[in-house]
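Visitor: let me see the structure of the following:
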Amino acid sequence: MSRSIVVSPGPVDVPPEAILELPALHHRSAAFERVVVESAEAIRDGLGARHPVHFLTASGTGAMEAAVANATAPGGRLLVVSCGKFGDRWAEIGKAYECDVSVLRIPDGAAVDLGAAVDRVRRERPRYLAATHVESSTGSLFPVRELLASLGAERPVVIVDAVSSFAAEEIAMDGWGIDVVVGASQKALGAPAGVSFVCMKGRAGRPARRGCFYFDLNRYASTEGMSGAPFTPAVQTMQLVHRSLAAMRRAGFDAVRSRHRRASAAFLSACGVLGLAAFPEEPSAAVQALKLPDGCRAGDILDGLSRSGFIAAGGQGALRGRIVRTGFLGIYDGATLIRLVRALGEAVRMAGIEPDIAAAEKRMEEYAEKNRLL
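Guide: Here you go, the predicted model:
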């Protein structure tokens with residue numbers, strides 16, 4: 001490999017040549033306005049939504065804060081159903097904005113008990129409900145559609161973090177009854193970190209909190225002749241977001257999501273041959289969290305991957321040292337995934353365990369050949 005490839009849950013790998021190929025644009029030009037407008041249209045397509053999309057020059061957490069600042073009121077009960085670190089972040093932001101925060105914490109890696117979640121909503125009757133669709137700290141997929149269907153029409157304002165899930169997992173904002181969705185550039189959109197977005201339904205919108213300036217979404221409202229970027233945007237990152245979204249629209253979002261699901265399932269199957277089982281009970285297509293065999297240390301596996309030219313991630317908080325996390329959103333090269341499986345196998349072997357690396361590679365080769373990725 002001529003360079004290391006990032007296969008962490010995010011930021012995902014961005015080839016240097018992708019940035020070098022971008023045309024020079026000024027952020028107050030008509031050309032950049034088209035980038036913003038067309039990107040917003042594509043995100044609405046991907047979300048199944050008809051609502052304004054506002055782009056922020058901020059991480060995904062900035063979009064989460066903007067959602068809370070613009071969709072909640074001080075003292076309003078905010079119920080957070082959290083599956084991990086980033087679900088917990090909704091509670092932290094809610095407290096900072098003086099919401100009355102209640103948390104239903106799901107054990108790391110465990111499936112959501114829908115009955116318990118529905119019962120909690122009906123008992124507490126919160127004004128707002130927040131969840132993270134793909135919990136990248138554990139690789140878990142949150143059953144957003146099933147929960148909202150169980151709640152029916154008498155549901156709170158629903159706020160969903162789709163930072164890791166957008167374009168990798170199915171999401172239907174209007175069809176499922178979601179009021180606010182936030183996302184970011186550094187996952188399936190295949191761009192550097194630094195751009196995030198908020199899509200908000202009318203019933204969730206309200207004047208931003210007093211003292212809120214940069215995250216007041218009223219400032220981002222697009223009007224004719226304006227780019228919808230009131231502050232200096234991350235121009236190149238936005239261009240890469242636009243390029244990725246255009247490719248997804250051409251392919252079809254359903255096809256893009258299907259490819260992520262099949263690639264992740266094949267990778268998890270190959271990892272199982274190596275003794276690296278999926279950590280969550282409900283794995284996502286966006287993030288793969290792998291349990292380590294007895295005798296393996298996460299640091300050794302990550303070091304082994306690094307020597308092979310791959311940069312992955314370990315666990316966070318209580319999961320530090322217990323799991324290894326990968327993500328290859330935006331990478332569709334089957335040969336790269338086969339090399340990643342081989343590198344994982346070699347790292348496990350160096351830890352003193354003899355996995356069947358050839359069998360694991362064959363699993364990934366079968367996927368790559370079937371999908372014409374070699």
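
Visitor: hey, where'd the strands end up in the protein?
Guide: With DSSP state E as the criterion, the chain has strands at 5-6, 53-56, 77-82, 100-105, 128-132, 134-135, 140-141, 157-161, 180-184, 196-200, 288-291, 310-311, 313-314, 323-326.

Visitor: with distance to Cys212, mean neighbour count and mean pLDDT as extra columns, can I get these in a markdown table?
Guide: Every residue, glycine included, has its C-beta placed from N, CA and C. Formatted as a markdown table, those follow (distance: least, C-beta to C-beta, whole Å; neighbours: other C-beta atoms under 10 Å; pLDDT from 0 to 100):
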| stretch | distance to Cys212 | mean neighbour count | mean pLDDT |
| --- | --- | --- | --- |
| strand 5-6 | 33 | 20 | 92 |
| strand 53-56 | 13 | 25 | 94 |
| strand 77-82 | 17 | 24 | 98 |
| strand 100-105 | 18 | 17 | 98 |
| strand 128-132 | 17 | 28 | 98 |
| strand 134-135 | 27 | 30 | 98 |
| strand 140-141 | 31 | 26 | 98 |
| strand 157-161 | 16 | 26 | 98 |
| strand 180-184 | 15 | 29 | 98 |
| strand 196-200 | 13 | 27 | 95 |
| strand 288-291 | 35 | 26 | 97 |
| strand 310-311 | 36 | 19 | 96 |
| strand 313-314 | 32 | 20 | 96 |
| strand 323-326 | 33 | 26 | 97 |
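
Visitor: dump those to TSV, plus distance to Asp216.
Guide: Output for these, formatted as TSV (distance: least, C-beta to C-beta, whole Å):
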stretch	distance to Asp216
strand 5-6	34
strand 53-56	10
strand 77-82	19
strand 100-105	22
strand 128-132	18
strand 134-135	28
strand 140-141	32
strand 157-161	17
strand 180-184	15
strand 196-200	11
strand 288-291	36
strand 310-311	37
strand 313-314	34
strand 323-326	34
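
Visitor: can you say which of these is nearest to Leu268?
Guide: strand 288-291 (6.0 Å; C-beta to C-beta).

Visitor: break the chain into its domains for me.
Guide: 22-251, 253-370 (automatic domain parsing).

Visitor: endpoints of stretch 109-128, how far apart?
Guide: 24 Å (C-alpha to C-alpha, to the nearest Å).

Visitor: contacting residues for the residue nearest to His26 when sequence neighbours are not counted?
Guide: Distance criterion C-beta to C-beta, 6 or more residues apart in numbering; nearest residue to His26, sequence neighbours excluded, is Phe32 at 6.6 Å. Counting by C-beta atoms under 8 Å, 6 or more residues apart in numbering, Phe32 makes contact with Leu25, His26, Ser227, Ala229, Pro233, Val235, Met238.

Visitor: cool, and Gly60?
Guide: Asp161, Val163, Val182, Gly183, Ala184, Gln186, Ser196.

Visitor: the last one contacts Lys187, correct?
Guide: In this case it means Ser196. No: with contact defined as C-beta atoms under 8 Å, Ser196 does not count as touching Lys187 (10.6 Å).

Visitor: list residues touching both of these two?
Guide: Joint contacts of Ser196 and Lys187 (C-beta under 8 Å, 6+ apart) are Val163.

Visitor: quick one: distance of stretch 167-179 to the chain centre.
Guide: 13 Å (C-alpha atoms, centre = their mean, to the nearest Å).

Visitor: how about that stretch: buried residues?
Guide: Across stretch 167-179, burial judged by 16 or more other C-beta atoms under 10 Å covers Ala167, Ala168, Glu169, Glu170, Ile171, Met173, Trp176, Gly177, Ile178, Asp179.
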